[in-house]
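Undergrad: sharing a model prediction with you, sequence too.
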Amino acid sequence: MNKELSKDPVRIGVVGTGKRGQKLIGYLLQLDDVEITAVCDGSVSEAEIAAGMCTSSGKKKPSVFGGKKDSYRRALDSGLLDAVIIATYWDSHAEIALLAMENGIYPGIDVPAAQTVEQAWKLVETSEKTGIPCMMLENWSFRKDNLAVLNMKRLGMFGEIIHCHCAHSHNCIDHWFFDSETGEPKWQAEYLMKHNRDQYPTHAVGPVISWMDINRGDIFTEIFTMTSASRGINAYFADKFGADHPNAVTRFRQGDIVTSLLRTSSGKTLVVNNDLLLPRPYSNRWMLQGTKGIYDEEKSSIYLAGHSPQYQKWEPWQPYEDKYNHRWYQQDLSSLRGRRADFVMLRRFVDAVAVRGPVPLDVYDSAVMSAIVELSEISARENRPVPFPDFTRGRWKTNEPYFAV
């Protein structure tokens, strides 16, 4: 599949040009070897704003597709694209990615890539059938700290990995789910009414699947999920808008805290928390624990047996992050506008498209992370562990680690 790097720019389209889509466009415009050739949104005005971002940066105006829910079909059939960035509503991610692969276009899908296990399987099967790689754009896998941990893990500094913990802890009521001024629901609020599950597991799990060698030497075999009562949304609306506001008494299906326990074939365990509906500062709570030591992101601390200066005493993490800095961060990124992890992620995605080669996070990684959404709901509803699909169909036993190698 690999070919020599082309001197022509990589032609990229962006489907979904709202807030997240525009952020991703901003990062893409910082890449000299990228030409944004198409922008697409159900709202023509949103698509035109995105096109204006391109011309304001000195680039050509992309073709604009919009006005209909399925305008993306015309964009994908236009012959203008080598790759497409999909930043639409969650329910449409897999559908658009499937059509992209059928058209020979690399999909870069904002998280999560799929809402159901069936969709995840379709992504895997279509990528295998067409030979087109499919990548979910899980930016936290590309963070500097997480890549340094991965380097240390691969050097054996933590020994055999036994257990990990991760979370997406971020009070999202007043900006993701509801308008902070009016209390009106945004599109994501619909999921809180319909589902009780880990709605957004990929930021938490993204770095961990590489730490645990998931799909490459190990695999998740089962998941058991419990959810707390739902109180946070009602309390927020009662405090801010008054006890007579409808959302102060509306019954939401989504529990405030979701806790999932996953087990792997080799006996490792992983705890994942989804914590989006109660007051708290942002945190991912990454923790990796092995037979020789432990890393704790929330404490910004590390302890390595036989290496740390004091017996069973934490030491600061930052010197280790600097010493084991991944090569992707050894260039000067100080001039970048926006988050460096997003830039590094898109840089690696574009590099893969340019040579028609493998993407850094492949379709099997994308499927595993996304499958947690539906599997956590089934487990919580039925109060039992449920089997975790093997999207590699056994190839995990011989697959070599490759992310950020």
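TA: Now that the structure is in, tell me what you want to look at.
Undergrad: V271 belongs to a strand, doesn't it?
TA: Yes - counting by DSSP: H, G, I helix; E, B strand; the rest coil, V271 is part of a strand.
Undergrad: count the residues that sit near it.
TA: 16 (other CB atoms under 10 Å). Quick note: C-beta positions are derived from backbone N, CA and C, even for glycine.
Undergrad: is it in contact with L261, as I believe?
TA: Yes - if you go by CB atoms under 8 Å, V271 and L261 touch, sitting 5.7 Å apart.
Undergrad: got any ranges where the stretch 251-400 of the chain has weak pLDDT?
TA: 332-338 (pLDDT under 70).
Undergrad: skip the chain neighbours and tell me the closest residue to M135.
TA: Taking CB to CB, 6 or more residues apart in numbering, and ignoring the residues beside it in sequence, M135 has V359 as its nearest neighbour in space, at 3.8 Å.
Undergrad: oh, I was asking about G21
TA: Per CB to CB, 6+ apart, closest to G21 is A87, 3.7 Å.
Undergrad: hang on, that neighbour packs against Y27?
TA: No - judged on CB under 8 Å, A87 makes no contact with Y27 at a distance of 11.6 Å.
Undergrad: now the helices for the protein?
TA: All helices of the chain, identified by DSSP state H, fall at 19-28, 44-56, 71-76, 93-102, 117-130, 144-154, 189-194, 202-211, 232-241, 318-323, 340-354, 363-382.
Undergrad: reformat those helices as CSV; add mean neighbour count and distance to F224.
TA: Compiled in CSV, the helices of the chain are given as follows (neighbours: other CB atoms under 10 Å; distance: least, CB to CB, whole Å):
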stretch, mean neighbour count, distance to F224
helix 19-28, 19, 31
helix 44-56, 17, 41
helix 71-76, 22, 37
helix 93-102, 22, 25
helix 117-130, 19, 16
helix 144-154, 21, 25
helix 189-194, 17, 22
helix 202-211, 25, 15
helix 232-241, 18, 23
helix 318-323, 14, 33
helix 340-354, 21, 30
helix 363-382, 24, 6
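Undergrad: so D256 makes contact with R280?
TA: No - counting by CB under 8 Å, D256 does not reach R280; the two are 10.6 Å apart.
Undergrad: neighbour count for these two, which is higher?
TA: A direct count of neighbours by other CB under 10 Å for D256 and R280 places D256 higher, at 18 against 11.
Undergrad: give the contact list for the residue nearest to M135.
TA: 106, 108, 133-135, 348-349, 352 (CB atoms under 8 Å, 6 or more residues apart in numbering).
Undergrad: at 7 Å what do you get?
TA: 133, 135, 349, 352 (CB atoms under 7 Å, 6 or more residues apart in numbering).
Undergrad: hmm, the last one is touching P358, no?
TA: Yes - taking CB atoms under 7 Å as the definition, A352 is a contact partner of P358 at 6.3 Å.
Undergrad: name the residues contacting each of those two.
TA: Common neighbours of A352 and P358 (CB under 7 Å, 6+ apart) are P133.
Undergrad: centre of this protein to the edge, which residue is at the far end?
TA: D244 (37.3 Å; CA atoms, centre = their mean).
Undergrad: do you know how far it is from A238?
TA: Distance, D244 to A238, using CB to CB, to the nearest Å: 9 Å.
Undergrad: check T17 too.
TA: With CB to CB as the criterion, T17 and A238 are 36 Å apart.
Undergrad: check I49 too.
TA: Distance from I49 to A238, by CB to CB: 36 Å.
Undergrad: now T130
TA: 51 Å.
Undergrad: again, but for A113
TA: 36 Å.
Undergrad: what do you get for V344?
TA: V344 is 42 Å from A238, by CB to CB.
Undergrad: for N171, same thing?
TA: The value you get for N171 to A238, if CB to CB is used, is 16 Å.
Undergrad: what's the answer for L99, then?
TA: Applying CB to CB to L99 and A238 gives a distance of 44 Å.
Undergrad: list the contacts of the spatially most central residue of the chain.
TA: Residue closest to the mean C-alpha point of the chain, counted by CA atoms, centre = their mean, is E138 at 2.9 Å. The neighbours of E138, taking CB under 7 Å, 6+ apart as the test, are 111, 202, 206, 361, 369.
Undergrad: quick check, nearest of those residues to D218?
TA: In terms of CB to CB, no member of those lies closer to D218 than M369, at 15.0 Å.
Undergrad: what about the closest one, distance to Y320?
TA: 26 Å.
Undergrad: domain parsing of this structure, as residue ranges.
TA: Domain ranges of the chain: 10-139, 141-332+362-397, per automatic domain parsing.
Undergrad: those: which one's closest to R339?
TA: domain 10-139 (7.0 Å).
Undergrad: ok now that closest one, how far from the chain's centre?
TA: Chain-centre distance of domain 10-139: 15 Å, with CA atoms, centre = their mean, to the nearest Å.
Undergrad: what's the nearest residue to V405 if we skip its chain neighbours?
TA: Per CB to CB, 6+ apart, closest to V405 is R154, 8.0 Å.
Undergrad: check what pLDDT that neighbour gets.
TA: On pLDDT, R154 comes in at 98.
Undergrad: go on, N196?
TA: As predicted, N196 sits at a pLDDT of 98.
Undergrad: equivalent analysis for G18, please.
TA: pLDDT, G18: 95.
Undergrad: quick one: it from D239, how far?
TA: If you go by CB to CB, the gap between G18 and D239 works out to 29 Å.
Undergrad: list the contacts for the closest residue to E297 other than its chain neighbours?
TA: Among residues not flanking E297 along the chain, W286 sits closest, at 3.9 Å (CB to CB, 6+ apart). For W286, the contact set (CB under 7 Å, 6+ apart) comprises 166, 207, 297.
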